[in-house]
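> Need a 3D model of the sequence below.
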Amino acid sequence: MTEIEIYIIQRVKEIRKEKGLTQEQLSLKLDKGVGFIGDIESPSKKAKYNIKHLNEISKILKCSPKDFWPEKSL
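Alright, predicted model coming up:
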């Protein structure tokens, strides 16, 4: 997994926790299986977000998709 993918996954995780949502709750709000977010957040898995996921997650978490990205390139 690339540095930018790891960064984005961690940012989504941080914001998800700040908003008080569990992995399972976010997965279900995305109409995905209960383990979807868990698979992405697990370092041993190769699952990752795509742009559509990030857009939908930003709606659920009531933030901008830009909040998941670093200020400068990595």
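
> most centrally placed residue in this protein?
With distances taken as CA atoms, centre = their mean, residue 12 lies nearest the centre of the chain, 3.8 Å away.

> ok, that residue - contacts?
40, 49, 54, 57, 68 (CB atoms under 8 Å, 6 or more residues apart in numbering). In this view, the C-beta of every residue, glycine as well, is placed from N, C-alpha and C.

> Got a ChimeraX select line for the buried ones in those residues?
ChimeraX command restricting these to the buried ones, with burial defined by 16 or more other CB atoms under 10 Å:
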select :40,49,54,57,68
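
> Distance-wise, check the closest residue to residue 19 other than its chain neighbours relative to residue 34.
Nearest non-adjacent residue to residue 19, counting by CB to CB, 6 or more residues apart in numbering: residue 61, 5.3 Å away. According to CB to CB, to the nearest Å, residue 61 stands 18 Å off from residue 34.

> Same check on residue 46?
Residue 46 sits 19 Å away from residue 34, taking CB to CB as the criterion.

> quick one, which of these two is more surrounded?
residue 34 (12 against 9; other CB atoms under 10 Å).

> Go through the helix or strand harbouring residue 11 and flag the buried ones.
Element membership for residue 11 (DSSP states H and E) is helix 3-18. Within helix 3-18, the residues that count as buried by 16+ other CB under 10 Å are 8, 9, 11, 12, 15, 16.
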